[in-house]
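S.K.: when you get a sec, could you give me coordinates for this:
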Amino acid sequence: MNFKELNLIAPLLKALEQEGYTSPTPIQERAIPDVLQGRDLLGCAQTGTGKTAAFALPILQNLFLQKESGQATPHIKALVLTPTRELAIQIDESFSAYGKYTGIRHQVIFGGVSQFNQTRNLKKGVDVLIATPGRLLDLVAQRHIHLQHISMFVLDEADRMLDMGFITDVRKIIAKLPARRQTLFFSATMPPEISRLSESILTNPIRVEVTPVSSTSEKVDQSVYLVEKADKRQLLIHLLKDETIQNALVFTRTKHGADKIARELYRAKISADAIHGNKTQSARQKALNNFKDGKIRVLVATDIAARGIDVDSLSHVINFELPNIPETYVHRIGRTGRAGASGIALSFCDMEERSYLRDIHKLIKQTIPVVEDHPYASTFQFVQNPAAPKNTLSRRPASHSGFRRTRSWTQARGR
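M.R.: Residues are numbered from 1 along each chain as shown. Predicted coordinates for the structure are as follows:
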């Protein structure tokens, strides 16, 4: 099946083609037709199965058709609620990519930053709002946001919200929504509280279950470098000085970070370019073609921009920043070791990312080997504690027995 068979409108098909999408994933194939018909949906699916497009495409299409028929209103019409800032940003970037030819306005809001720019953009008018629970409730209380006109509501990663203590906030938000609405509910697991929540917010839903990707290719050699956050760029340059790295796709979490890394590599005389959603389609295509043709050795990308990248002879994937969603790690490193070839996946992990690494190990059911012999080794490492249920990371002094490093931490940082 291709996307045309899902009865998507031309502006969406054009955007999908430019993003390199040809065939829908199972969850997209099963969910999109019913969501377009206005049905509620209960999806049991992890991030990485294509569920963002499964709800973003129908939302964009329905809002576009409302606008074309003159039925559109100036209010927020669709709300996507998600637990983390990183996931909210990724979803917002997906709406940008898929909806670039629709004229549908979207805005992402999350805590931990000033609300000034967010509230300023909200005043310009928004059709789709992507939000984390805390910041959304704050802005609702300040009357910057009104939810009484929401006709489409997406609750994403519901079980993670339960783990993070957001369920009370979620219930408060749901109570402020109109009773008549379309609701799409996604959760990786269905513990009792999540099941009860789904029953309280869904009406005769379509059920879609998708088994997530949870294993990595045996042909991909994986390793992780424990490094201070401030030393990551120098470590990347150090590794890329090795000419045996034929080419490398480097993943970073943000568009700004991708640009910054590409500039620093260029200054270090390593041919590189960045690809992300803020670049024009022609610029992205040029960078990708240069990478495939070997004119540049390194392509720095965000996850959303890298979805259309398919390079058969990719020798290395480097996770400059670990993804906060473990399935994303599997998808990232799966871009090397294709077509029967072997590949290498290197990951950088700083102290703030140690929980991400634990989640990755839990998902893939193996421990990624730690490379200790490098000039930017940090002062934390894995503690293999047989009594603990899972591997942990902790700070350890440089003199701790069994802690191997070729240079001291202060020497590596040039102090």
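S.K.: tell me the domain ranges of this structure?
M.R.: With domains defined by automatic domain parsing, the chain comprises 3-209, 220-412.
S.K.: what about residue 379, neighbour count?
M.R.: Residues lying near residue 379 (other CB atoms under 10 Å) number 18. Using the backbone N, CA and C atoms, a C-beta is placed for each residue, glycine as well.
S.K.: quick revisit: in CSV, list the domains of the chain along with mean pLDDT.
M.R.: Rendered in CSV, the data for these read as follows (pLDDT from 0 to 100):
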stretch, mean pLDDT
domain 3-209, 92
domain 220-412, 80
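S.K.: after the helix or strand harbouring residue 90, next one along is what?
M.R.: With secondary structure defined by DSSP states H and E, residue 90 is part of helix 85-98. Reading on from helix 85-98 to the C-terminus, the next helix or strand found by DSSP H and E is strand 106-109.
S.K.: against which helices or strands is that following strand packed?
M.R.: Here strand 106-109 touches helix 85-98, helix 116-123, strand 128-131, helix 133-141, going by 3 or more CB pairs under 8 Å, 6 or more residues apart in numbering; DSSP states H and E.
S.K.: name every strand pairing with that strand and say which way it goes.
M.R.: Sheet pairing here is set by DSSP bridges, and for strand 106-109 it gives strand 128-131 (parallel).
S.K.: what does the partner strand rub up against?
M.R.: Where contact means CB atoms under 8 Å, 6 or more residues apart in numbering, the residues beyond strand 128-131 that reach it are 59-60, 63, 76-82, 88, 91-92, 95, 104-110, 136, 145.
S.K.: repeat for stretch 240-249
M.R.: Outside stretch 240-249, the residues that reach it (CB under 8 Å, 6+ apart) are 239, 265, 268, 270, 291, 294, 297-299, 301, 306, 309, 311, 313-318, 335-336.
S.K.: ditto for stretch 89-102
M.R.: The contact list for stretch 89-102, computed with CB under 8 Å, 6+ apart, reads 11-12, 14-16, 19, 52-53, 56-57, 60, 63-64, 80, 82, 104, 106-108, 110, 128, 130, 156, 254, 277, 302-304.
S.K.: buried stuff in that stretch?
M.R.: When burial is assessed from 16 or more other CB atoms under 10 Å, stretch 89-102 yields the following buried residues: 89-95, 97-102.
S.K.: do I have it right that residue 206 meets residue 41?
M.R.: Yes. Counting by CB atoms under 8 Å, residue 206 touches residue 41, with 4.9 Å between them.
S.K.: now for these two: what residues contact both?
M.R.: For the pair residue 206 and residue 41, residues contacting each of them under the criterion CB under 8 Å, 6+ apart are 31, 34.
S.K.: more neighbours, the two?
M.R.: Just comparing residue 206 and residue 41: by other CB under 10 Å the higher neighbour count belongs to residue 41, 25 against 17.
S.K.: which residues touch that one?
M.R.: 31, 34-35, 55, 183-185, 202, 205-208.
S.K.: just to revisit the earlier point, which member of the buried residues of stretch 89-102 is positioned nearest residue 221?
M.R.: Within the set of the buried residues of stretch 89-102, residue 90 lies nearest residue 221; the separation is 27.4 Å, counting by CB to CB.
S.K.: which other residues reach the helix or strand encompassing residue 31?
M.R.: Taking DSSP H and E as the definition, one finds residue 31 inside helix 26-36. When contacts are defined by CB under 8 Å, 6+ apart, helix 26-36 is touched by residues 1, 6-8, 24, 41, 43, 45, 49-51, 53-55, 57-58, 61-62, 182, 184, 206, 208, 210.
S.K.: now with 6 Å?
M.R.: 1, 6, 41, 45, 49-51, 53-54, 57-58, 206, 208, 210 (CB atoms under 6 Å, 6 or more residues apart in numbering).
S.K.: next: stretch 65-78.
M.R.: If you take CB under 6 Å, 6+ apart as the criterion, stretch 65-78 is touched by 59, 125-129, 149, 151-152.
S.K.: tell me the buried residues in that stretch?
M.R.: Neighbour-count burial for stretch 65-78, counted by 16+ other CB under 10 Å, picks out 66-67, 76-78.
S.K.: out of the residues you listed, list just those in strands.
M.R.: Among the buried residues of stretch 65-78, the members falling in strands (DSSP state E) are residue 78.
S.K.: about what we covered before: dump the helix or strand that comes right after the helix holding residue 31 to PDB, restricted to CA.
M.R.: Tracing the chain C-terminally past helix 26-36 and defining elements by DSSP H and E, one meets strand 41-44 next. What follows is strand 41-44, C-alpha atoms only, in PDB (Å, rounded to 0.1, in the frame of the first residue of the first chain):
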ATOM      1  CA  LEU A  41      -8.800   5.500  18.500                       C
ATOM      2  CA  LEU A  42      -7.000   3.500  21.200                       C
ATOM      3  CA  GLY A  43      -3.400   2.700  20.100                       C
ATOM      4  CA  CYS A  44      -1.000   0.500  21.900                       C
END
